[in-house]
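> what's the 3D shape of this:
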Amino acid sequence: MSVNITFTDAAKKMLTPIVAESGRQLKLKYDTDGCGCLVDGVPALWLVDEADEDDLVVGTNFVPVLLERSRLIFFDETMTIDVKPDTAVFQLKSPRQILNGHMPLVKVGSGDER
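Predicted coordinates:
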């Protein structure tokens, strides 16, 4: 499956200083922690130190984004990362649906707690 991820100008503006200062990578994670089973998860935006073995790199109009190869089925081929109006919360959308309308940025690694 080919994946196309676009960041809105609002998302790029909010993420630019975070990514630049941290030196970390963005990852779209299909997060199943606390959901009960693998099909009951939600897409989450993570800031990680490095790619995992299962990750693939997707080019975007901003910075490359990591995606878990084994979880691609839970994502759409064309997705947009936006900012929820008047908040500091991200949204993951596709032409068909809103995949996560309230997606915080989770910092993982380097001693950060999830």
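
> so His102 makes contact with Ala88?
No. His102 lies out of contact with Ala88 (CB atoms under 8 Å); the separation is 11.2 Å. Quick note: C-beta positions are derived from backbone N, CA and C, even for glycine.

> these two - which one has more neighbours?
His102 (12 against 9; other CB atoms under 10 Å).

> then Ile18 would be within a helix, right?
Yes. Counting by DSSP: H, G, I helix; E, B strand; the rest coil, Ile18 falls inside a helix.

> ok, it - how many residues close by?
By the measure other CB under 10 Å, the count of residues near Ile18 is 13.

> then Val48?
Val48 has 20 neighbours, counted by other CB under 10 Å.

> next: Leu72.
Under the criterion other CB under 10 Å, the count of neighbours that Leu72 has is 16.

> do the same with Thr87
Thr87 has 10 neighbours, counted by other CB under 10 Å.

> Ile18 against Val106, yeah?
No. Between Ile18 and Val106 there is no contact under CB under 8 Å: 11.9 Å.

> list the residues that contact both of those two?
Leu47 (CB atoms under 8 Å, 6 or more residues apart in numbering).
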